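Participant: just need the structure, nothing else, for what follows:
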Amino acid sequence: MAKPGKVFIFFNCDADKSEASMNIFYNRAVYKDTKTSRKNLWKKVKEEYGAERIQIAADNLKAVELAITEGDPVAASNLIQFGAIREIECY
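Facilitator: Numbers count the residues shown, from 1 in each chain. Reported below is the predicted structural model:
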């Protein structure tokens, strides 16, 4: 049997990060747990930030980037308002 992997999904959401506000039909890009895919996830987060659809304190931008590209992308959610990153196991 194949070893499970993981993927990450970025969601736009409400300030409370309620699951009901995370629309899989709106945010349907899936990012693998690879360097290239993590860079693409960071690019998506930067785009959402630049378009002012999410908020990140300016002094937290580097921490969000490092969490996504080198650490735990889900942990970056704590520094993002109106956005969240979720991890899903896949087979």
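Participant: where along this protein do the strands fall?
Facilitator: 5-12, 31-32, 83-90 (DSSP state E).
Participant: okay, the ones you listed in TSV with mean neighbour count next?
Facilitator: From N, CA and C alone the C-beta is placed, and that goes for glycine too. Formatted as TSV, the strands of the chain follow (neighbours: other C-beta atoms under 10 Å):
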stretch	mean neighbour count
strand 5-12	18
strand 31-32	18
strand 83-90	16
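Participant: in CSV: those strands, plus mean pLDDT and distance to Val64.
Facilitator: Formatted as CSV, these follow (pLDDT from 0 to 100; distance: least, C-beta to C-beta, whole Å):
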stretch, mean pLDDT, distance to Val64
strand 5-12, 95, 11
strand 31-32, 96, 14
strand 83-90, 94, 10
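Participant: go through these and name the closest to Ile24.
Facilitator: With C-beta to C-beta as the measure, strand 5-12 is the member of those nearest Ile24 (7.6 Å).
Participant: distance of Arg86 from Asp59?
Facilitator: 25 Å (C-beta to C-beta, to the nearest Å).
Participant: circling back to that earlier point, of all the strands of the chain, which lies closest to Met22?
Facilitator: Distance to Met22, taken as C-beta to C-beta, is lowest for strand 5-12 among those, at 3.9 Å.
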